[in-house]
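J.: Would you be able to build a 3D model of this:
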Amino acid sequence: MSLKKIIKNTTKITLASALLTLTTPSFATTDLVVWEDNGKSEFLKEAADDFEKNHDVKVVFKEMFYIYALEKLRLDGPLGNGPDLLLLPNDQIGSAVEEGMLEPIHFSQKEQDEFIPTAIEAVRYNGNTYGVPKTLENLALFYNKDKIKKPFTDLEDYFAYAEKVKEEHPNNLGFVMKLDDLYYAYPIVHAYGGYCYGRNQYGEYKSEDYGLDNEGAITAYKYLRSVYQRNFVPQMVKGSSQTMLNVLDYFLQGRVDAMVSGTWSVEKVKKAKINFGIAPLPFLPNNKHMSGFNGIRSYAISKWSKNYETALEFAKFLGSYRYSKQRYLASGEIPVVKAVIDDPAFKNDKLLQAFVEQSKYNEAMPNIRQMSDVWPTAAKTLKQMFEGNENYPIEEGIENPHYKGGRKIFND
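T.: Presented below is the predicted three-dimensional model:
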């Protein structure tokens, strides 16, 4: 073969190889595993695709009911089957940190300032940050506009409305709210001066500073008992938190005209084509605004992740203005990024604006790990206060499950 032909063939091979390199798709060498809530990863796909364009990773979403993600991490993390990022409710952060399952996250002051204050407060624990905030959850007042033209100012007005409606239409309950679960009762307890745990000068929770048995809390329980005694708490809302599904069903059926519910009910009511509005929670007889919990869903980084830097970068990527706004428009979840909340698209959303307005009265749901014992203790005690013996010593309040008579009864 002549030298000329060799050169010609070599050139063809080189060009073919170059063309193959340009047309053959590249494959990521690393999976970035994200545990997301059921039905939510579809709203993150575009962000994931954009992230992958500039990173040698493939974002892999695994969906589950997010409140059980921490329980699953306890088992899967040490075995190497866990995620890099996982979505957590902020009240589980303390337990996860104390058990050594999360890595702290660094936020510059500029990055922190991009979020509403309650979101950052909710993901901080013992001086460190352990989550990139995603969404806000809290309670507000839903009302049927065909029955109630304008939301009432005071809670007692809703009870008066319920009494009137039941007299005229026995199958309609008028107004319903759940009170035997601390999450739903807390807007009243807190407004009267009760609280779960206080903080020290550094903003850290103090397990010995417990406020569900103080004077303000006792006053709240007495008021709540009066609500029960006046028969404003129907049987179908008593018991486990699952009974709130009954309230929602009644609202959708037109058998309840107003209810206290959360952000998670908005899309369901929209789909039912009901003419409804949402307002911040009303005022109490002490002239205080009902003030409950702000729950924050956030992305945390697993201790067992081998991709810490990439996981952190992706979490912040999801928390950027562009993708927070995109996610809000697609999913209806309430953003926690200031710029999105101030965006005209969200400003004009009168329904979700009510939750943001209510959040200004609320406090971040405590993330101290002792809260995991407070919830069941409170549920048991509230049931006894309101549905048990009418002589139950309500003045004792809800006992601190970690202390008795000022003495620690078991290790935290």
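
J.: where does the stretch 1-150 of the chain have low pLDDT?
T.: Residue ranges of the stretch 1-150 of the chain with pLDDT under 70: 1-27.

J.: Secondary structure element holding Pro133?
T.: Secondary structure from DSSP states H and E places Pro133 in strand 132-137.

J.: actually Phe386, not the one I wrote
T.: If you go by DSSP H and E, Phe386 is part of helix 371-387.

J.: same for the strand holding Pro133, what does it pack against?
T.: helix 117-122, strand 293-302, helix 308-318, strand 334-335, helix 350-359 (3 or more Cβ pairs under 8 Å, 6 or more residues apart in numbering; DSSP states H and E). Bear in mind the C-beta positions are built from the backbone N, C-alpha and C, glycine included.

J.: what are the phi and psi angles of Lys53?
T.: In this entry, Lys53 is assigned phi and psi values of phi -60, psi -30 (degrees, to the nearest 10).

J.: What is the burial count for it?
T.: 6 (other Cβ atoms under 10 Å).

J.: What's the separation between it and Glu46?
T.: Per Cβ to Cβ, to the nearest Å, Lys53 is found 11 Å from Glu46.

J.: about what we covered before: could you list every helix and strand in contact with the helix holding Phe386?
T.: Secondary-structure packing of helix 371-387 (3+ Cβ pairs under 8 Å, 6+ apart): helix 182-191, strand 195-199, helix 215-229.

J.: Kindly state the domain boundaries assigned to this structure.
T.: Domain ranges of the chain: 30-137+295-364, 139-293+367-408, per automatic domain parsing.

J.: Listing partners with orientation, what would you give for the strand holding Pro133?
T.: Strand 132-137 sits in its sheet next to strand 293-302 (antiparallel), strand 334-335 (antiparallel), going by DSSP bridges.

J.: so which of the helices and strands packed on strand 132-137 gets nearest Leu75?
T.: With Cβ to Cβ as the measure, strand 293-302 is the member of the helices and strands packed on strand 132-137 nearest Leu75 (12.4 Å).

J.: Just the angle for the closest one relative to strand 195-199, thanks.
T.: Computed by axes from the mean of the first three to the mean of the last three Cα atoms, to 10 degrees, the angle separating strand 293-302 from strand 195-199 equals 60 degrees.

J.: Figure out how far the strand holding Pro133 is from the centre of its chain.
T.: When C-alpha coordinates are averaged (Cα atoms, centre = their mean, to the nearest Å), strand 132-137 and its chain have centres 7 Å apart.

J.: Can you tell me what sits against that strand?
T.: Strand 132-137 is contacted by residues 87, 105, 115-116, 118-120, 122-123, 262-264, 294-299, 312, 315-316, 318-319, 333-336, 355-356, 359 when judged by Cβ atoms under 8 Å, 6 or more residues apart in numbering.

J.: Out of the helices and strands packed on helix 371-387, indicate the one that is most buried.
T.: Of all the helices and strands packed on helix 371-387, helix 182-191 has the most neighbours on average by mean count of other Cβ atoms under 10 Å, namely a mean of 24.

J.: returning to what we had before: sort out which of the contacts of strand 132-137 are buried, if you could.
T.: Buried by 16 or more other Cβ atoms under 10 Å: 87, 105, 115-116, 118-120, 122-123, 262-263, 294-299, 312, 315, 318-319, 333-336, 355-356, 359, out of the contacts of strand 132-137.

J.: and Asn128, how many residues sit next to it?
T.: Counted with other Cβ under 10 Å, Asn128 comes out at 13.

J.: With the one 4 residues further on instead?
T.: Applying other Cβ under 10 Å, we find 25 residues neighbouring Val132.

J.: so where is the stretch 301-412 of the chain shaky, pLDDT-wise?
T.: Filtered on pLDDT under 70, the stretch 301-412 of the chain yields the residue ranges 404-412.

J.: go again using 90 as the cut-off
T.: The stretch 301-412 of the chain contains residues with pLDDT under 90 at 369, 372, 387-392, 400-412.

J.: related to what we said a few turns ago, how big is the angle separating the strand holding Pro133 from helix 350-359?
T.: Relative orientation of strand 132-137 and helix 350-359, computed by the same axes, to 10 degrees: 100 degrees.

J.: Give me the buried positions along strand 132-137.
T.: 132-137.

J.: Stretch 327-344 too?
T.: Residues of stretch 327-344 classed as buried by neighbour count (16+ other Cβ under 10 Å): 327-328, 333-338, 340-341, 343.

J.: Convert the C-alpha atoms of it to CSV, please.
T.: This file holds the C-alpha atoms of stretch 327-344, laid out as CSV (Å, rounded to 0.1, in the frame of the first residue of the first chain):
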residue,chain,number,x,y,z
ARG,A,327,-41.6,24.0,41.9
TYR,A,328,-44.3,26.3,43.5
LEU,A,329,-45.9,26.9,40.1
ALA,A,330,-46.0,23.1,39.3
SER,A,331,-46.8,21.7,42.7
GLY,A,332,-48.5,24.4,44.7
GLU,A,333,-46.1,23.9,47.6
ILE,A,334,-45.4,27.0,49.6
PRO,A,335,-41.8,28.3,49.0
VAL,A,336,-39.5,29.6,51.7
VAL,A,337,-37.3,31.7,49.4
LYS,A,338,-37.9,35.4,50.0
ALA,A,339,-37.6,36.3,46.3
VAL,A,340,-40.2,33.8,45.3
ILE,A,341,-42.6,34.9,48.1
ASP,A,342,-42.2,38.5,46.8
ASP,A,343,-42.6,37.4,43.2
PRO,A,344,-45.9,38.7,41.6
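
J.: Before I go, just wanted to say thanks for your time.
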